[in-house]
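Novice: What would the 3D arrangement of this be:
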Amino acid sequence: MIKILVVDDSEDVLFTLRDQLECFDFEVRVARNVEEAFLIYRGDPDIVALLTDGRIPQAGAGSALAARLKDAGFQGLTILISGAAWEESRAYPFDAVFDKPLSRKDYRLLLHLLQSLR
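Specialist: This is a model prediction of the structure:
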């Protein structure tokens, strides 16, 4: 099963994404901040995709988290989903960048990217 780490400080966004992705048979871990996300990855290095908000509490931005995970050996897909996605994407070379809220077209593209990991 494909393991995904979703990071967002908004519980509504976090749990909506988790529930939707689980409907497509992805195994989803959730974190509300950078430290929690890093600890989850350290405990489960089989995670193959990171979906992160651009602005999350505790030291950072999604770009800082993505860089920190890469430094720790993460080789998976990095996806930024944020209200200011294009502005925030300059700080890190994400594999994909989406604006919040996700449009239907972007949601389908996101699912296609994740399903390509199977």
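
Novice: What segments of the protein are strands?
Specialist: Along the chain, the segments classed as strands by DSSP state E run 3-7, 27-31, 49-52, 77-82, 96-99.

Novice: ok, now which ones touch the closest residue to residue 15 other than its chain neighbours?
Specialist: Leaving aside its chain neighbours, residue 15 sits nearest to residue 30 (7.2 Å; criterion: C-beta to C-beta, 6 or more residues apart in numbering). C-beta here means a position set from N, CA and C on the backbone, and glycine is covered the same way. Contacts for residue 30 (C-beta atoms under 8 Å, 6 or more residues apart in numbering) come out as 5-7, 14-15, 18.

Novice: Tell me the predicted confidence for the closest residue to residue 55 other than its chain neighbours.
Specialist: The shortest distance from residue 55 to any non-neighbouring residue, by C-beta to C-beta, 6+ apart, is to residue 61 (5.9 Å). We have a pLDDT of 79 for residue 61.

Novice: Out of the contacts of residue 30, which end up buried?
Specialist: Buried residues within these, defined by neighbour count using 16 or more other C-beta atoms under 10 Å: 5-7, 14, 18.

Novice: What separation do you get for the residue nearest the centre of the chain and residue 71?
Specialist: In the chain, the centroid-proximal residue (C-alpha atoms, centre = their mean) is residue 51; its distance is 1.0 Å. Residue 51 is 19 Å from residue 71, where distance means C-beta to C-beta, to the nearest Å.

Novice: Compute the number of surrounding residues for residue 115.
Specialist: 12 (other C-beta atoms under 10 Å).

Novice: burial count for the nearest residue to it once chain neighbours are set aside?
Specialist: Leaving out its chain neighbours, the residue that sits closest to residue 115 by C-beta to C-beta, 6+ apart is residue 24, at 7.3 Å. For residue 24, the neighbour count with other C-beta under 10 Å is 11.
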